[in-house]
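A.B. asks: 3D, please:
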Amino acid sequence: MSRKRIAILGSTGSVGTQALEVVAAFPEQFEVTVLTIGRNADLLIQQAKAFHPKVVVVCEEQAYQKAKDALEPLGISVLSGVEALEEVVQRDDIDVVLTAIVGSVGLKPTVAAIKKGKDIALANKETLVVAGALINELIKEHQVRLLPVDSEHSAIFQCLVGEESNPIEKIILTASGGPFRGRTREDLVAVTKAQALKHPNWAMGAKITIDSASLMNKGLEVIEAKWLFDLSADQVEVIIHPQSIVHSLVQFQDGSIKAQLGVPDMKLPIQYALTYPARLQNDFKRFSFVDYPNLTFEAPDMEAFRNLKLAYQALEKGGNSPCILNGANEIVVEAFLQDQISFLGMSDVIEETLCQISWQDNLKLEDYLHYDAESRRVARSLIPRFSNK
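C.D. replies: You can find the predicted model right below:
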C-alpha cells in the first residue's frame, strides 16, 4: 500500500514537531510532502533535511532567505508568505493536511485544502471557531474527512466510533484548570506572564498556554465541539480534571458514559488522526492506574475565569460572535505577552469588543475574514482603556 502523503502546516510548533515524531516512527506509512512555518528557519532546515519534503513555506520574510539558501540546493522548493499556504495545500501529491498553525490564519488554507479534496487533520481550533458553519458545508460538499487532533476532541471522536446511530445526550470536555486552578477572581488581579506560562501538564506554545491559563482554550474547544459533533451549547459541558488523564467523555441518551484515557501526550491523538481508522502499534508511554490512584474532577469557576463564560455566550448567540471572540482574544493574548494588559483585562477587552461590533448571520468566507479583521481592530483600540485593569 502506498504511503500517505502529508502536509504539516506549522511544523515547528508543539503539534507540528510531535507530528513529525509520529511520521518518523512509521516510515512505511507516511511521507512528508510539505512543511510550513512562521519564523523558525533553523528548526525548519533541520526538519527538511530529515524528512525531505518537496516544498516548504516560510511565512515571515526575514526567515525566508535563510531557509531558501539552505534548502534549495537540496532540491527543496522554498516559498514565502502567508498567501503561499493556500497554494501549497492544493498540490496533487498531498493526501492529508495537518493544520497545526495557531490562530485564524489557518482558516484560508484549510478552506483551500477542503475545496481541493484533501482530508483535514485539525489541530487549529480557530478554524471552526471562526467559521464552523462554512467549514461543515464545505466538508459535506467535497466529501472529505475532518479528523480532530486536539486531545479532547480526539477523545470524543474515539468514544463515538461504533456509536453512530446512538444519540448523544452531552459531551464532557475535561480541562486541567491550568496554573491558576482554584484561584478566585481577586487572586488573579496581579498574576504575571511568567506565572501564566507555567502549565502544569502540557508543553505548548505561548498563545495556547495563555489561553489555557484563562480557560479561553477550553471555551474555544466548546465552540469547536459544537461543529465537530453537531451539538448545541447546552450539550457541551466542561469539567476541571487536574491530572489530564481522562481526555473527555460522551454521555448517551441512556445515561451511559464512555471516556478515553491516556497519559498527557499529544502524539497519540496525532497518530490516530493520521492513521484512522487503524490503530498502529507504537512505543508511547502507557497509562497505569497504579501511577494515578486519584483522578479528581470539579466544576469550573466561570466568574473567576470569565473567558469560558464569554465563549459559551458567543456560541449561544451564533453568527459572527465566535469569530469576534476569537479575533479579540488573539489580540489581547499578544498584548498580555507584551505586558500591555493585565490577565483580567483580557476578558474586559473581549467582552467590550463583542458589544461594539454588530451581530450578523449567514456569512460567507469574505464576511468571516471581515469580522476577524474588525474584531482585531476594535480590540487593539480598546487595550489602552483597559491596560490598568
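
A.B. asks: C-alpha only now, for contacts and for neighbours.
C.D. replies: Will do.

A.B. asks: I figured residue 258 hits residue 249, correct?
C.D. replies: Yes - with contact defined as CA atoms under 8 Å, residue 258 counts as touching residue 249 (5.6 Å).

A.B. asks: and the helices in the stretch 251-389 of the chain?
C.D. replies: 267-275, 306-317, 321-337, 343-356, 365-386 (DSSP state H, counting those that start in this stretch).

A.B. asks: so for the closest residue in space to residue 106 that isn't next to it in sequence, what's the pLDDT?
C.D. replies: Nearest residue to residue 106 in three dimensions, chain neighbours excluded: residue 127, at 6.1 Å (CA to CA, 6 or more residues apart in numbering). On the pLDDT scale, residue 127 is placed at 96.

A.B. asks: tell me which helix or strand residue 127 sits in.
C.D. replies: helix 126-142 (DSSP states H and E).

A.B. asks: and if you look at residue 173?
C.D. replies: strand 168-175.

A.B. asks: okay, that strand in CSV with CA atoms only?
C.D. replies: Taking C-alpha atoms only, strand 168-175 is exported to CSV below (Å, rounded to 0.1, in the frame of the first residue of the first chain):
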residue,chain,number,x,y,z
ILE,A,168,-25.5,12.0,22.2
GLU,A,169,-27.1,13.4,25.4
LYS,A,170,-24.0,15.5,26.1
ILE,A,171,-20.2,15.5,25.9
ILE,A,172,-17.9,16.5,28.7
LEU,A,173,-14.7,18.2,27.8
THR,A,174,-12.0,18.0,30.5
ALA,A,175,-9.7,20.8,31.4
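
A.B. asks: given it, what are its sheet partners and their directions?
C.D. replies: In the sheet, strand 168-175 lines up against strand 236-240 (parallel), strand 246-252 (antiparallel) (DSSP bridges).

A.B. asks: and those strands as a markdown table, adding mean pLDDT?
C.D. replies: Converted to a markdown table, the strands paired with strand 168-175 look like this (pLDDT from 0 to 100):
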| stretch | mean pLDDT |
| --- | --- |
| strand 236-240 | 98 |
| strand 246-252 | 98 |
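
A.B. asks: residue 39 is nearest to which of these?
C.D. replies: Counting by CA to CA, residue 39 lies closest to strand 246-252 out of the strands paired with strand 168-175; the figure is 31.4 Å.

A.B. asks: ok, the nearest residue to residue 253 once chain neighbours are set aside to residue 25 distance?
C.D. replies: Leaving aside its sequence neighbours, residue 253 sits nearest to residue 169 (CA to CA, 6+ apart; 4.9 Å). Remark: distance between residue 169 and residue 25 (CA to CA, to the nearest Å) = 38 Å.

A.B. asks: picking that back up, my read: the residue nearest to residue 253 touches residue 256, true?
C.D. replies: No - using CA under 8 Å, residue 169 is not in contact with residue 256; the gap is 9.6 Å.

A.B. asks: what about these two, which has more around it?
C.D. replies: Neighbour count, other CA atoms under 10 Å: between residue 169 and residue 256, residue 169 has more, with 17 against 9.

A.B. asks: need the contact list for the more buried one.
C.D. replies: 235, 250-253, 255 (CA atoms under 8 Å, 6 or more residues apart in numbering).

A.B. asks: just those now: which is nearest residue 364?
C.D. replies: For the contacts of residue 169, the nearest to residue 364 is residue 235 (26.4 Å; CA to CA).

A.B. asks: so what's the closest one closest to, chain neighbours aside?
C.D. replies: residue 170 is the one closest to residue 235 (CA to CA, 6+ apart), at 4.3 Å.

A.B. asks: is the one you found in a bridge, and if so with what?
C.D. replies: Beta-bridge pairing for residue 170 (DSSP bridges): residue 251.

A.B. asks: which ones are touching it?
C.D. replies: Residue 170 neighbours (CA under 8 Å, 6+ apart): 234-237, 250-252.

A.B. asks: out of those residues, who's the most crowded?
C.D. replies: Counting neighbours by other CA under 10 Å, residue 250 comes out on top of those with 24 neighbours.

A.B. asks: element containing residue 42?
C.D. replies: Using DSSP H and E, residue 42 falls in helix 41-51.

A.B. asks: name the helices or strands packed onto the helix or strand that contains residue 85?
C.D. replies: Using DSSP H and E, residue 85 sits in helix 83-88. If contacts are counted by 3 or more CA pairs under 8 Å, 6 or more residues apart in numbering; DSSP states H and E, helix 83-88 sits against helix 107-115.
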